[in-house]
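Peer 1: The amino acid sequence is not available; the structure is as follows:
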């Protein structure tokens with residue numbers, strides 16, 4: 001208890017300094033405040049993991065951005081509390097400043113996790129508080145510390161008018177808890193005893209919580225913790241899924257009268273996330289009081305070539321939409337990617353659905369920085385570094401949450417004027433307006449994406465380039481099909497060049513000179529990357545068209561004749577351009593991992609790359 005009191009006093013001291021720290025960690029321009037606006041949506045939440053990621057050191061070899069991975073930075077093996085208390089205290093001013101921004105954006109709640117770090121199971125076995133964690137257990141010390149820490153976080157959030165929702169993935173546990181339960185199975189009654197006990201304990205000990213957000217389908221246990229799925233997150237076997245919902249609702253909603261927000265997370269096309277019949281199979285006749293279902297605003301994941309989620313508005317339960325504003329699959333804010341039409345369509349449809357109660361924003365969450373040296377780890381919305389493209393998305397989504405019928409380009413004009421100055425605002429809006437098309441042409445092969453909306457982007461996995469997804473190039477194409485694919489490949493660098501020119505003409509008018517330089521670098525980087533991808537795609541396309549018509553031998557000395565020759569000649573010209581753009585990109589930017597492109601180019605030289 002003495003240590004907990006000392007920690008509380010330390011945190012109170014750090015919080016007192018938050019006003020000074022906030023200025024250096026980012027603020028929302030007053031002109032963009034939505035705090036006094038009226039919204040048709042009751043729940044307006046924001047993920048709040050970002051303030052707890054390491055931001056001042058490079059994390060080579062460590063994952064930063066996964067949802068609940070903040071404990072990677074927090075947990076240690078050193079007593080008395082087995083927590084990096086110094087770092088935890090350093091996060092508080094960032095969290096305070098971040099909460100202020102989210103409140104200014106019209107949010108009324110934040111979420112952070114996870115549940116496993118907050119419980120001791122003292123009441124699981126009546127009369128034996130140490131049945132899971134002995135008195136001297138590392139987990140007991142750590143979890144009691146975190147419980148006090150979360151009281152401080154809840155207090156900070158409430159200071160800004162924000163409710164606090166505890167986030168968790170299921171089923172997360174520790175080895176001692178696993179030993180008490182036995183088999184980790186939905187058929188084991190002891191599992192449900194422990195499951196209900198932990199929700200009861202956390203809501204009893206932290207009555208300030210507004211509720212919990214629970215996800216099935218993804219599990220990322222930190223060292224010393226374990227995870228196992230106990231229900232099919234796709235919704236194809238509803239029995240255990242419904243059992244989990246009922247057990248959670250019994251404790252969270254019925255006993256403690258708190259909100260239970262359930263994330264219907266899954267990735268494939270034929271899953272509960274994006275198929276209304278599976279959604280209905282799981283949720284039909286389940287309790288509705290204080291139970292809210294969270295669905296993505298798109299059908300599968302946060303890619304393009306995805307329609308508005310057909311599960312939106314389905315059923316009797318209230319819903320909230322998940323809106324990722326740090327676009328994980330499209331460079332995470334290194335390049336502009338503003339899905340303004342997708343956001344507008346989702347909010348317009350949601351506003352027509354009487355059971356859609358709100359949304360939650362992800363300004364910093366999602367995906368892993370798996371580029372060269374595990375980059376990028378330099379941009380955090382409203383906290384540090386160049387994150388303006390992500391902040392544009394966050395503001396747009398929040399503003400549409402206030403007025404779903406508003407013109408998204410008018411909203412972006414307001415953001416651009418407040419961020420880049422009035423003189424540059426028009427051109428910045430044009431950069432954002434065409435960004436979805438640039439991304440669609442540069443990141444995707446439309447012939448593949450349209451047939452694989454459940455995973456339309458296998459050739460660019462965050463920042464790792466692969467040799468997958470090029471199937472459309474490997475077919476014998478008609479001249480018109482070939483011409484269209486070439487045109488699509490070339491459109492991305494053309495649009496990126498246009499975006500760069502739009503900014504170059506107004507760059508000197510931007511009052512914030514550091515921002516002007518960072519934006520210029522972003523757009524130059526984008527042009528270099530899409531030039532590289534265009535050259536690779538043209539090389540690959542012509543290679544396969546020549547190989548299909550002339551055989552593999554033409555790449556190792558046989559003469560290319562007949563229909564193969566024009567494609568072979570174009571292949572050689574494209575490969576020469578690829579040699580230059582690949583070397584230039586690797587030397588200057590060194591972010592995307594290009595090893596697969598080097599390997600593919602070498603295989604094409606030998607004629608060995610085949611289906």
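Peer 2: Nice, I can see it. Computed from a predicted structure; not experimentally measured. Numbering: from 1, shown residues only.

Peer 1: how far is the longest helix along the chain from where the chain is centred?
Peer 2: If you go by DSSP state H, the chain has its longest helix at helix 513-550. Chain-centre distance of helix 513-550: 24 Å, with CA atoms, centre = their mean, to the nearest Å.

Peer 1: which helices and strands does that helix pack with?
Peer 2: Where contact means 3 or more CB pairs under 8 Å, 6 or more residues apart in numbering; DSSP states H and E, helix 513-550 is packed against helix 388-402, helix 408-420, helix 422-443, helix 479-504, helix 564-588, helix 595-606. The C-beta positions use only the backbone N, C-alpha and C, and glycine is treated the same way.

Peer 1: again, only this time at 7 Å
Peer 2: Helices and strands touching helix 513-550, by 3 or more CB pairs under 7 Å, 6 or more residues apart in numbering; DSSP states H and E, are helix 479-504, helix 564-588, helix 595-606.

Peer 1: Could you tell me which residues within the longest one count as buried?
Peer 2: Of the residues in helix 479-504, those buried by neighbour count under the rule 16 or more other CB atoms under 10 Å are 482, 485-486, 488-497, 499-500, 502-503.

Peer 1: Hmm, residue 296 and residue 273 touching each other?
Peer 2: Yes: look at residue 273 against residue 296 with CB atoms under 7 Å: they come within range, at 6.1 Å.

Peer 1: per the record, what domains does this protein have?
Peer 2: Listed domain ranges for the chain are 2-402, 424-606 (source: automatic domain parsing).

Peer 1: now these in a markdown table, with mean pLDDT and distance to residue 417?
Peer 2: Formatted as a markdown table, the domains of the chain follow (pLDDT from 0 to 100; distance: least, CB to CB, whole Å):
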| stretch | mean pLDDT | distance to residue 417 |
| --- | --- | --- |
| domain 2-402 | 89 | 8 |
| domain 424-606 | 97 | 4 |
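
Peer 1: Residue 412: which of those domains is closest?
Peer 2: When the domains of the chain are compared by CB to CB, domain 424-606 sits nearest residue 412, at 5.0 Å.

Peer 1: What's the end-to-end length of the closest one?
Peer 2: Using CA to CA, to the nearest Å, one end of domain 424-606 lies 50 Å from the other.

Peer 1: repeat for stretch 371-379
Peer 2: End-to-end distance of stretch 371-379: 14 Å, with CA to CA as the criterion.

Peer 1: if you skip the residues just before and after it, what's nearest to the residue nearest the centre of the chain?
Peer 2: For the chain, the residue nearest the mean C-alpha position is residue 366 (2.2 Å; CA atoms, centre = their mean). Leaving aside its chain neighbours, residue 366 sits nearest to residue 328 (4.1 Å; criterion: CB to CB, 6 or more residues apart in numbering).

Peer 1: repeat for residue 279
Peer 2: Closest to residue 279 by CB to CB, 6+ apart is residue 311, at 4.4 Å.

Peer 1: Just to be sure, the one you found is in a strand?
Peer 2: No: secondary structure of residue 311 (DSSP: H, G, I helix; E, B strand; the rest coil): coil, not part of a strand.

Peer 1: that older thread, want to throw the helices and strands packed on helix 513-550 into TSV with distance to residue 171?
Peer 2: Shown next, in TSV, are those (distance: least, CB to CB, whole Å):
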stretch	distance to residue 171
helix 479-504	43
helix 564-588	43
helix 595-606	36
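
Peer 1: Which one of these lies nearest to residue 333?
Peer 2: helix 479-504 (14.8 Å).

Peer 1: And the closest one, what does it pack against?
Peer 2: Using 3+ CB pairs under 7 Å, 6+ apart: helix 479-504 touches helix 422-443, helix 513-550.

Peer 1: which outside residues touch stretch 540-555?
Peer 2: Contacts to stretch 540-555, defined as CB atoms under 7 Å, 6 or more residues apart in numbering, come from residues 470, 473-474, 476-477, 482, 485-486, 558, 560, 562-564, 567-568, 570-571, 574, 600, 604-607.

Peer 1: sorry, back to before: would TSV of the helices and strands packed on helix 479-504 with mean neighbour count be doable?
Peer 2: Formatted as TSV, these follow (neighbours: other CB atoms under 10 Å):
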stretch	mean neighbour count
helix 422-443	21
helix 513-550	21
